[in-house]
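Peer 1: Predicted structure and sequence below. I'll ask about it afterward.
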Amino acid sequence: MNETLFVIDGLSQIYRAYYAPTPPMTSPSGEPTKATHVFLNMLAGLIRDRWPDYLAMALEGGEGGTDFRREAYPAYKSNRSPMPDDLRPQVEQIESIVNTLGIPVLRLPGFEADDLMATIVERMSAKEPELDIYLVSADKDLRQLLSAKTRLFDPRKNTELDAEALFDQHGYTPQEAVEVQILAGDSTDNIPGVRGIGMKTAAKLIREYGSADGVLAYADALTPKQQENVRTFASQMQLTRRLVTLRRDAPLGFRLEDCVLDLDIDAAQPLLETLGLTKLRSNLAALIAGLPR
């Protein structure tokens with residue numbers, strides 16, 4: 001059996017935990033802890049059910065560095081609401097606990113977590129071709145990274161998406177994912193696309209014409225409305241390509257050996273107790289006792 005590397009899409013999973021249908025929770029001192037509790041239970045379940053050989057978490061770059069997407073398009077993600085006030089301290093809690101447990105937290109100023117995961121996939125595919133990589137996320141932006149050795153893993157649904165399943169379920173391949181996203185855009189990130197064309201229609205057009213540029217070249221064959229909308233979008237096509245294409249060359253100091261799963265519950269114990277997460281500590285301790293050596 002091949003060794004496995006799991007990379008958690010940190011902020012995506014933290015937001016999921018924050019909005020989970022679980023009652024609010026607080027620490028003995030009154031700090032909000034619901035997202036922290038739900039996220040760490042997800043982490044414990046992932047370890048229990050999947051036994052990864054290597055585990056890491058990727059986060060957004062934080063302060064400093066040049067955000068190349070916002071530099072290219074200042075309106076990028078400008079439609080998003082600010083992070084809720086009670087979530088920000090929980091992001092810090094989670095990052096501290098994960099770090100203290102001995103799980104590397106990866107971040108790089110100017111780069112998004114998706115770019116770090118893309119860089120890891122690129123490097124490990126060359127250096128460790130037998131390694132199975134699981135990106136712990138349901139983010140469609142990561143579909144361009146899928147292959148026989150790289151999958152998306154959704155811990156909430158306990159499902160995997162690989163290159164074959166992507167085509168079966170969504171009608172396009174990882175190699176076509178960027179082209180599909182160019183046509184469809186992304187309203188969540190405020191990325192422009194062709195008006196009236198969603199992911200399904202985009203996938204159909206890319207299957208027929210090969211690329212977003214091919215759709216533009218053969219616009220005469222489209223419906224009158226599509227012709228108009230594709231040609232109107234033409235001037236933004238390369239901008240959208242830049243926005244949706246993940247960087248695979250981030251200058252990330254990543255070493256696989258640093259990600260060996262070897263949880264340090266003793267180091268994390270004081271913080272878990274301060275936050276009132278004593279049951280979670282017991283669950284993690286039980287997991288550690290059962291980890292393969």
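Peer 2: Looks like it came in fine.

Peer 1: Tell me where the stretch 51-200 of the chain has strands.
Peer 2: 54-58, 105-106, 132-136, 150-154, 159-161 (DSSP state E, counting those that start in this stretch).

Peer 1: Point out the most buried one among those.
Peer 2: strand 54-58 (a mean of 26; mean count of other C-beta atoms under 10 Å). From N, CA and C alone the C-beta is placed, and that goes for glycine too.

Peer 1: Compute the distance from the centre of that strand to the centre of its chain.
Peer 2: Relative to its chain's centre, strand 54-58 lies at 12 Å (C-alpha atoms, centre = their mean, to the nearest Å).

Peer 1: same thing with stretch 220-231?
Peer 2: 33 Å.

Peer 1: List the buried residues for it?
Peer 2: 222, 226, 229, 230 (16 or more other C-beta atoms under 10 Å).

Peer 1: which residues touch the second one?
Peer 2: With contact set as C-beta atoms under 8 Å, 6 or more residues apart in numbering, residue 226 has these partners: 194, 196, 197, 219.

Peer 1: could you redo the strands of the stretch 51-200 of the chain as JSON lines and give each row distance to residue 142 and mean pLDDT?
Peer 2: Output for the strands of the stretch 51-200 of the chain, formatted as JSON lines (distance: least, C-beta to C-beta, whole Å; pLDDT from 0 to 100):
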{"stretch": "strand 54-58", "distance to residue 142": "11", "mean pLDDT": "98"}
{"stretch": "strand 105-106", "distance to residue 142": "15", "mean pLDDT": "98"}
{"stretch": "strand 132-136", "distance to residue 142": "5", "mean pLDDT": "98"}
{"stretch": "strand 150-154", "distance to residue 142": "6", "mean pLDDT": "98"}
{"stretch": "strand 159-161", "distance to residue 142": "9", "mean pLDDT": "97"}
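
Peer 1: Could you point out which of the ones you listed sits nearest residue 112?
Peer 2: Among the strands of the stretch 51-200 of the chain, the nearest to residue 112 by C-beta to C-beta is strand 54-58 (8.7 Å).

Peer 1: Restrict that closest one to CA atoms and write it as PDB.
Peer 2: Only the C-alpha atoms of strand 54-58 are listed here, as PDB (Å, rounded to 0.1, in the frame of the first residue of the first chain):
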ATOM      1  CA  TYR A  54       2.000  12.500   6.500                       C
ATOM      2  CA  LEU A  55      -0.300  15.300   7.500                       C
ATOM      3  CA  ALA A  56      -0.100  19.100   7.100                       C
ATOM      4  CA  MET A  57      -2.400  22.100   7.000                       C
ATOM      5  CA  ALA A  58      -2.300  25.000   4.600                       C
END
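
Peer 1: which outside residues touch it?
Peer 2: Outside strand 54-58, the residues that reach it (C-beta under 8 Å, 6+ apart) are 3-10, 47, 98, 103-107, 113-114, 116-117, 120, 254, 256, 258-261.

Peer 1: if we go to 6 Å?
Peer 2: Contact partners of strand 54-58, identified using C-beta atoms under 6 Å, 6 or more residues apart in numbering, comprise 5-8, 10, 98, 103-106, 113, 116-117, 256, 259, 261.

Peer 1: just the buried members of those?
Peer 2: 5-8, 10, 98, 103-104, 106, 113, 116-117, 256, 259, 261.

Peer 1: and these, which two are the farthest apart?
Peer 2: The span of those, defined through C-beta to C-beta, is set by 113 and 261 at 19.8 Å.

Peer 1: Burial check on residue 36, number of neighbours?
Peer 2: Look at residue 36: counted by other C-beta atoms under 10 Å, it has 29 neighbours.
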